[in-house]
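Peer 1: here are the coordinates; sequence isn't available:
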């Protein structure tokens with residue numbers, strides 16, 4: 001599972017069951033509940049959910065943008081167990097004035113200044129009330145490791161992982177779009193219109209990154225694989241996902257996109273789980289082959305050939321995944 005932090009890593013909770021989370025703001029009955037109370041009071045749910053950094057694919061932008069230079073690897077799927085955030089919000093009595101949430105965690109600011117937030121993102125109330133948005137308490141059936149947000153974190157699947165706040169201490173229900181650290185300026189925002197790559201854009205001309213774009217990856221074989229001499233068929237497999245959408249199709253090419261072949265695509269195990277695909281393609285002769293994979297989402301939007309819609313922080317790049325294999329003489 002990839003690791004991305006905006007602040008320092010807090011010390012592990014001495015007593016995870018007594019870790020407390022507050023829900024306040026635009027609610028009728030503000031709540032402060034210990035993790036043990038969450039487990040006793042609310043129905044547990046378990047989902048397989050994928051989670052992706054908003055900057056996944058950032059290294060494919062030209063010119064280079066700010067931030068971690070991720071390739072395709074800032075994505076992860078796991079089995080998360082917890083309670084629905086919606087159930088907790090209903091217990092608090094969400095007011096009609098509620099518009100957005102603001103999330104707070106125990107991670108200290110990088111500077112150590114206790115008066116500053118490391119990060120405080122949020123989501124619209126509709127996303128908060130989705131049954132798959134959860135306060136997670138277990139990861140793959142085990143307590144969540146501290147590095148991944150123990151003892152409680154949010155999972156807002158299909159959206160940038162920054163909204164899935166770690167070391168959760170508070171959910172502030174607001175009557176306006178949240179303006180915490182990581183919600184303003186260029187943070188986790190796309191441009192409203194295409195701009196010249198490398199140019200400046202006013203924050204007023206940006207919008208919040210919400211659903212992540214469609215993407216597919218090749219998980220086997222590995223890039224750089226040398227196949228046995230005489231190989232004439234190549235077995236491929238991988239995963240594909242599309243934020244709030246599902247994946248309609250995945251296609252592969254071994255001739256630089258001159259032709260494309262369909263793959264066998266599984267249905268997701270849960271709504272926000274990635275979809276596994278498989279294919280067997282002929283290799284007509286020995287030599288060097290590039291294998292490209294592209295996915296199309298349920299709205300018909302396809303991965304582009306290259307990273308488009310350049311933005312200052314490098315969000316949303318989803319070009320084809322490409323690997324190379326060699327068939328020796």
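Peer 2: Looks like it came in fine. As the structure is a prediction and not an experimental result, all values here were calculated from the model.
Peer 1: rest of the way, CA atoms for contacts and neighbours
Peer 2: OK.
Peer 1: my guess is residue 270 meets residue 46, correct?
Peer 2: No. Counting by C-alpha atoms under 8 Å, residue 270 stays clear of residue 46, with 9.8 Å between them.
Peer 1: the two: which is more packed in?
Peer 2: Set residue 270 next to residue 46 and count neighbours by other C-alpha atoms under 10 Å: residue 46 wins out with 19 against 14.
Peer 1: give me the three-state assignment for that one.
Peer 2: What DSSP: H, G, I helix; E, B strand; the rest coil gives for residue 46 is strand.
Peer 1: that one and residue 268, how far apart?
Peer 2: To residue 268, residue 46 is 15 Å away according to C-alpha to C-alpha, to the nearest Å.
Peer 1: ok, now residue 214?
Peer 2: 14 Å.
Peer 1: which of those two has more neighbours?
Peer 2: Between residue 214 and residue 268, residue 214 has the larger neighbour count (other C-alpha under 10 Å), namely 26 against 17.
Peer 1: wait, what's in contact with the residue nearest to the more buried one when sequence neighbours are not counted?
Peer 2: Nearest residue to residue 214 in three dimensions, chain neighbours excluded: residue 242, at 3.8 Å (C-alpha to C-alpha, 6 or more residues apart in numbering). Going by C-alpha atoms under 8 Å, 6 or more residues apart in numbering, residue 242 touches 158, 211, 212, 213, 214, 215, 297.
Peer 1: can you name the residues that contact the fifth one?
Peer 2: Under the criterion of C-alpha under 8 Å, 6+ apart, the contact partners of residue 214 comprise 240, 241, 242, 243, 247, 295, 296, 297, 301, 302, 303, 318.
Peer 1: looking at it, residue 206 is touching residue 194, isn't it?
Peer 2: No. The criterion here is C-alpha under 8 Å, and residue 206 misses it with residue 194 at 10.5 Å.
Peer 1: these two: who's more crowded?
Peer 2: Each of residue 206 and residue 194 has its neighbours counted (other C-alpha under 10 Å); residue 206 has more, 19 against 11.
Peer 1: report the separation between that one and residue 124.
Peer 2: 17 Å.
Peer 1: cool, and residue 323?
Peer 2: 38 Å.
Peer 1: and residue 294, by the same measure?
Peer 2: 30 Å.
Peer 1: equivalent analysis for residue 48, please.
Peer 2: 22 Å.
Peer 1: how about residue 144?
Peer 2: 26 Å.
Peer 1: kindly report the same for residue 27.
Peer 2: 15 Å.
Peer 1: who has more neighbours, the two?
Peer 2: Each of residue 27 and residue 124 has its neighbours counted (other C-alpha under 10 Å); residue 27 has more, 21 against 18.
Peer 1: backbone dihedrals for the residue nearest to the more buried one when sequence neighbours are not counted, please?
Peer 2: Counting by C-alpha to C-alpha, 6+ apart, residue 94 is the residue found nearest to residue 27 once chain neighbours are left out, at 4.4 Å. When read as degrees, to the nearest 10, the backbone of residue 94 gives phi -70, psi 130.
Peer 1: do residue 63 as well
Peer 2: phi -70, psi 170.
Peer 1: what's the answer for residue 293, then?
Peer 2: Dihedral angles (degrees, to the nearest 10) for residue 293: phi -130, psi 140.
Peer 1: partners of it in the sheet?
Peer 2: residue 252, residue 321 (DSSP bridges).
Peer 1: tell me the pLDDT of it.
Peer 2: If you check residue 293, the pLDDT there is 98.
Peer 1: how about the contacts made by it?
Peer 2: Neighbours of residue 293 in contact, by C-alpha under 8 Å, 6+ apart: 216, 217, 218, 250, 251, 252, 253, 320, 321, 322.
Peer 1: one more pass at 6 Å, please.
Peer 2: 251, 252, 320, 321 (C-alpha atoms under 6 Å, 6 or more residues apart in numbering).
Peer 1: run a quick neighbour tally on the residue lying closest to residue 122 once chain neighbours are set aside.
Peer 2: What sits nearest to residue 122 in space, not counting adjacent residues and going by C-alpha to C-alpha, 6+ apart, is residue 102, at 4.3 Å. By other C-alpha under 10 Å, the residues close to residue 102 number 25.
Peer 1: mind listing the residues bridging to residue 102?
Peer 2: residue 172.
Peer 1: so what's it up against?
Peer 2: For residue 102, the contact set (C-alpha under 6 Å, 6+ apart) comprises 121, 122, 171, 172, 178.
Peer 1: again with residue 103
Peer 2: Counted by C-alpha under 6 Å, 6+ apart, residue 103 has contacts 120, 121, 122, 170, 171.
Peer 1: hmm, residue 104 and the first one touching each other?
Peer 2: Right, the one you point to is residue 120. Yes. Residue 120 lies in contact with residue 104 (C-alpha atoms under 6 Å); the separation is 5.4 Å.
Peer 1: so between these two, which is more surrounded?
Peer 2: residue 104 (25 against 22).
Peer 1: what residues are up against that one?
Peer 2: Neighbours of residue 104 in contact, by C-alpha under 6 Å, 6+ apart: 120, 168, 169, 170.
Peer 1: one more: residue 324?
Peer 2: So residue 324 contacts 223, 224, 289, 290 (C-alpha under 6 Å, 6+ apart).
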